[in-house]
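>>> Kindly return the folded structure for what I paste below:
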Amino acid sequence: MTEDEIRKHAFAMPFTSPAYPVGPYRFVNREFMIITYRTDMDKLRAVVPAPLEVTEPLVKYEFIRMPDSTGFGDYTETGQVIPVSYKGKKGGYTHCMFLNDHPPIAGGRELWGFPKKLANPTLHAEIDTLVGTLDYGPVRVATGTMGYKHREADHAAVLASLATPNYLLKIIPHVDGTARICELVEYYLQDVTLKGAWTGPAALSLFPHALAPIAELPVLEVVSATHLVADLTLGLGEVVHDYLA
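I've put the predicted structure just below:
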């Protein structure tokens, strides 16, 4: 194998059998339960990286079922997204994510900088309730519940929320352990087809865990909840701030 062949074909690791294919990455029937809650403003400011700005004491806790995704397969994900502002644009900063599938863990971290860790989330309908859970090993870390399709949500408002920018802190270490890449990445969801959106009563419980510290942004009050199903493409990112420049 020549150096030119390496440069031509290098995309992801391992070189001879990459953990994920080249994008774009399309998701069909992607199902979300998003519970928005009020939390401690000082604790939010302590975890959101500058130059992003925290605008309100809110967190969006998301449970996401992805039964059909290009290259990544069938998996479930959960995590916290914090509403932020960047240069006057409102968007969301992804604080943490937990999922049960290796290719999107590897691809998400290496391509975009998604803060993904391996765990066991679920999202399913249990009779009249939409139920989301997160287990880290044998330990329950989060439980979310929502009344199943109680009221139709405003589709225009839901589509507008899906069109806002998303931000990630991407860190790739050098071989000596120092940061070789440390960037703020902006990305968008693209080609969104909203198939349904609902709202209803919801509850969220977060439990302390040393390696899944989601409870450090405590639930003070549940503000709203949205259940939606959509087809969408996960757009590749753009570096908007380089911390090492």
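>>> quick one: residue 185 and residue 103, what's the gap?
Between residue 185 and residue 103 the distance, using CB to CB, to the nearest Å, works out to 19 Å. Quick note: C-beta positions are derived from backbone N, CA and C, even for glycine.
>>> burial count for residue 18?
18 (other CB atoms under 10 Å).
>>> how close does it sit to residue 195?
The spacing between residue 18 and residue 195, counted by CB to CB, is 31 Å.
>>> Output the lowest mean pLDDT helix or strand found in the chain.
When each helix and strand of the chain is scored by mean pLDDT, DSSP states H and E, helix 3-9 comes last, with a mean of 93.
>>> partners of the helix or strand that comes right after that helix in the sheet?
Downstream of helix 3-9, the first helix or strand assigned by DSSP states H and E is strand 25-38. When sheet partners are counted by DSSP bridges, strand 25-38 sits next to strand 58-69 (antiparallel), strand 221-234 (antiparallel).
>>> quick one: buried residues of strand 25-38?
Neighbour counts using 16 or more other CB atoms under 10 Å place 25, 26, 27, 30, 31, 32, 33, 34, 35, 36, 37 of strand 25-38 among the buried residues.
>>> Might you report the residue contacts of the residue lying closest to residue 165 once chain neighbours are set aside?
Leaving aside its sequence neighbours, residue 165 sits nearest to residue 91 (CB to CB, 6 or more residues apart in numbering; 3.9 Å). With contacts defined as CB atoms under 8 Å, 6 or more residues apart in numbering, the neighbours of residue 91 are 83, 84, 85, 164, 165, 166, 167, 186.
>>> Relative to residue 116, how far out is residue 96?
Residue 96 sits 9 Å away from residue 116, going by CB to CB.
>>> sorry, back to before: which of the strands paired with strand 25-38 is buried the deepest?
Of all those, strand 58-69 has the most neighbours on average by mean count of other CB atoms under 10 Å, namely a mean of 21.
>>> quick one: it to chain centroid distance?
7 Å (CA atoms, centre = their mean, to the nearest Å).
>>> Repeat that for stretch 146-156.
Relative to its chain's centre, stretch 146-156 lies at 21 Å (CA atoms, centre = their mean).
>>> now do stretch 48-68
The gap between the average C-alpha position of stretch 48-68 and the chain average comes to 7 Å, counting by CA atoms, centre = their mean.
>>> now stretch 28-35
Here stretch 28-35 is found 11 Å from its chain centre; the criterion is CA atoms, centre = their mean.
>>> same deal with stretch 156-174?
Here the centre of mass of C-alpha atoms in stretch 156-174, compared against the chain's by CA atoms, centre = their mean, lies 8 Å away.
>>> Quick check: buried residues in it?
Of the residues in stretch 156-174, those buried (16+ other CB under 10 Å) are 158, 161, 162, 165, 166, 167, 168, 169, 170.
>>> Could you pull up the mean pLDDT of that stretch?
Across stretch 156-174, pLDDT averages out at 98.
>>> same question, stretch 87-106
So the average pLDDT for stretch 87-106 ends up being 97.
>>> can you give me the helices for the chain?
3-9, 41-47, 102-107, 155-162 (DSSP state H).
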